[in-house]
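J.: Generate coordinates for the sequence data below:
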Amino acid sequence: MPFPLIYNYLEVRCAFVVLLMGGYWVADCFPMAVTSLIPIVLFPALGILSTADTCACYMNDTIMVFIGGLILAIAIEHSNLHLRIALGVMKTVGCSHARLLGGLCAVTTFISMWVSNTAATAMMVPIIFAVLRELEQVLNDFFCLISDSMYEILYK
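T.: Now for the predicted structure:
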């Protein structure tokens, strides 16, 4: 039974919305984007905040910078720019772990000059996955070459 029907306090109604959202996030019965918009509907309906005040919490400058950085990260991944950056870093610094780490830190620092640190981190995830895929492919090719050479040595 919903607590706002039993206890008609503002705090109880707000806690109900928070617990409802937490339950939806844990149960994953709606996509997270839909669940995150529940306060826009329930806060005015339960008399907690007006629609304008609730939407103002979603549209502040910090959130917009974060969303803009995430959109930029998606655009980088969609255009395959992350592969070009990853291959450029690998070509420039080589495949040494220390040099590769330094190169990726330099790219992250360069990106962080223009977007927030959180958005820069979100942008670096596809770049690092591309680097890992390339390293894995290089290692697989190397081990295939070694195993073919060992087969020829042992069985011919």
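
J.: Gly69 contacts Ser112, doesn't it?
T.: No: counting by C-beta atoms under 8 Å, Gly69 sits too far from Ser112 to count as a contact (10.1 Å). (C-beta placed from N, C-alpha, C; glycine too.)

J.: Name the nearest residue to the residue nearest in space to the middle of the chain, ignoring sequence neighbours.
T.: For the chain, the residue nearest the mean C-alpha position is Ala122 (4.7 Å; C-alpha atoms, centre = their mean). Counting by C-beta to C-beta, 6 or more residues apart in numbering, Ala122 lies nearest to Ala73, which is 4.5 Å off, once chain neighbours are set aside.

J.: And Ile74, how close does it get to Tyr24?
T.: 24 Å (C-beta to C-beta, to the nearest Å).

J.: These two: which is more packed in?
T.: Neighbour comparison, Ile74 and Tyr24: the larger count goes to Tyr24, with 17 against 13 (by other C-beta atoms under 10 Å).

J.: That one: which element?
T.: If you go by DSSP states H and E, Tyr24 is part of helix 10-27.

J.: Mind listing what's buried along the helix or strand containing Cys105?
T.: Using DSSP H and E, Cys105 falls within helix 97-112. By 16 or more other C-beta atoms under 10 Å, the buried positions in helix 97-112 come out as 100, 103-104, 107-108, 111-112.

J.: For those residues, which two are the farthest from each other?
T.: Leu100 and Ser112 (18.5 Å; C-beta to C-beta).

J.: Flag every buried residue along the helix holding Tyr24.
T.: Result for helix 10-27 [16+ other C-beta under 10 Å]: buried residues 13-14, 16-17, 21, 24.

J.: Next SSE downstream of that helix?
T.: Assignment by DSSP H and E places the next element after helix 10-27 at helix 32-36.

J.: For the following helix or strand past that following helix, name the packing helices and strands.
T.: Following helix 32-36 in sequence order, the next helix or strand is helix 38-46 (DSSP H and E). Contact partners of helix 38-46 among helices and strands, from 3 or more C-beta pairs under 8 Å, 6 or more residues apart in numbering; DSSP states H and E: helix 10-27, helix 51-58.

J.: Tell me how many other residues surround Gly69.
T.: 21.

J.: For it, what is the enclosing helix or strand?
T.: Counting by DSSP H and E, Gly69 is part of helix 61-78.

J.: Give me the mean pLDDT for that helix.
T.: Averaging pLDDT along helix 61-78 yields 82.
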